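S.K.: show me how the following folds:
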Amino acid sequence: MNTWIFAGICDKSELLMYVCKMLAAGNYSVLFVDATEKRKYPSFIGRFDEPLWITEFSGFDVACGFDDEAALNAYLECSDGSKKYDYVIYDLEIPDFCSSATWREASARIWVTDYEIWTLENGGLWLQDAIHRHFSEDMEPEMHKVIVRTADEWFDLFYLEGFFSHLPICWMDDPLIMPWNELDWSVKLRNEHTRTVQMKPLTRGYKRKVCEMVQMLTGWDQKQIHRVLRAAERSRA
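M.R.: Residues are numbered from 1 along each chain as shown. Got it, this is the predicted structure:
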């Protein structure tokens, strides 16, 4: 099982939905866990008036309404202890939702931020607290960095590093910068209101970066990435 922690206090919902959609299109079983402060995903799925727990959506399972990872695991054991997922993906805004062991043993830890000054300043404090909670002083966890909704790239990397360079983290590679324009925004809104995860209308630049992220985290070759993207685009769910 691969565990990916997408940590951060900015809205990253559309990006993670696309990632899950691609993994599912590759015939992998995926559990996507809502560990956000506002518990936002029930409204995306369309059943916010009743407990969801674990619900199939667009080819992957979504876990909602759990207070922490322990409650989620207990539910999984009681409901279908035999089911195993290839990928478990967390949208994590609650620092202690996952145990320290999960933080440390995760297949990938990805810090997601946007360029809003509130997100950068408060996100740096959030991340500092999370590292101190789950890692000892002699540890320097590896993390990827992703910047979402970048409509204008006048920020250079040195500016961004000013908010995070003091943290005891080993940053892997350069930040992955996700382009964003009106079309990508309209696709996000349309998907939310129709309760689907459509990828075909997205701009080429955005889809290229989503593919780059999936390839970075999975190690798939270019042919497999291309094949999975086409399958995800064909899906109407």
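S.K.: thought residue 35 was touching residue 96?
M.R.: No. Under the criterion of C-beta atoms under 8 Å, residue 35 makes no contact with residue 96, lying 9.9 Å away. All C-beta atoms are positioned from the backbone trio N, CA, C, and that covers glycine.
S.K.: compare these two (neighbour count), which wins?
M.R.: Shown here are residue 35 and residue 96; by other C-beta atoms under 10 Å, residue 35 has more neighbours (25 against 15).
S.K.: roughly how far does that one sit from residue 127?
M.R.: 15 Å (C-beta to C-beta, to the nearest Å).
S.K.: what of residue 27?
M.R.: 34 Å.
S.K.: what's the answer for residue 218, then?
M.R.: Taking C-beta to C-beta, one finds residue 218 at 24 Å from residue 127.
S.K.: looking at residue 27 and residue 127, which is more packed in?
M.R.: The residue with more neighbours, out of residue 27 and residue 127, is residue 127; 21 against 10, by other C-beta under 10 Å.
S.K.: wouldn't the more buried one be in contact with residue 112 here?
M.R.: No. Counting by C-beta under 8 Å, residue 127 sits too far from residue 112 to count as a contact (10.6 Å).
S.K.: name the residues contacting each of the two.
M.R.: Common contact partners of residue 127 and residue 112 (C-beta atoms under 8 Å, 6 or more residues apart in numbering): 7-8.
S.K.: near residue 69, how many other residues are there?
M.R.: So residue 69, with other C-beta under 10 Å, has 21 neighbours.
S.K.: tell me which other helices or strands the helix or strand of the chain with the lowest mean pLDDT touches.
M.R.: In the chain, no helix or strand scores lower on mean pLDDT, DSSP states H and E than helix 157-164, which sits at a mean of 78. If contacts are counted by 3 or more C-beta pairs under 8 Å, 6 or more residues apart in numbering; DSSP states H and E, helix 157-164 sits against helix 117-134.
S.K.: so what touches the helix it packs on?
M.R.: In contact with helix 117-134 (C-beta under 8 Å, 6+ apart) are residues 7-10, 95-96, 100, 103-104, 111, 113, 141, 160, 163-164, 167-169.
S.K.: off-centre distance for the least confident helix or strand of the chain?
M.R.: 22 Å (C-alpha atoms, centre = their mean, to the nearest Å).
S.K.: for residue 33, helix, strand, or coil?
M.R.: The three-state assignment at residue 33 reads strand, by DSSP: H, G, I helix; E, B strand; the rest coil.
S.K.: what pairs with it across the strands?
M.R.: Note on residue 33: beta-bridge partners by DSSP bridges are residue 63, residue 90.
S.K.: what about it, how many residues close to it?
M.R.: Applying other C-beta under 10 Å, I find that residue 33 has 24 neighbouring residues.
S.K.: show me the contacts for it.
M.R.: 62-63, 66, 69, 72, 88-91.
S.K.: and residue 114, how far from residue 193?
M.R.: Residue 114 sits at a distance of 22 Å from residue 193 (criterion: C-beta to C-beta).
S.K.: now the least confident helix or strand of the chain: buried residues?
M.R.: Across helix 157-164, burial judged by 16 or more other C-beta atoms under 10 Å covers 160, 163-164.
S.K.: what do you get for stretch 195-203?
M.R.: 196-199, 202.
S.K.: any idea which of the buried residues of helix 157-164 is closest to residue 18?
M.R.: residue 160 (23.0 Å; C-beta to C-beta).
S.K.: how about low-confidence regions in this protein?
M.R.: Applying pLDDT under 70 to the chain flags the ranges 47-52, 80-82, 153-155.
S.K.: now do the buried residues in the longest strand along it.
M.R.: For the chain, the longest strand by residue count, based on DSSP state E, is strand 142-150. By neighbour count with 16+ other C-beta under 10 Å, strand 142-150 contains the buried residues 143-150.
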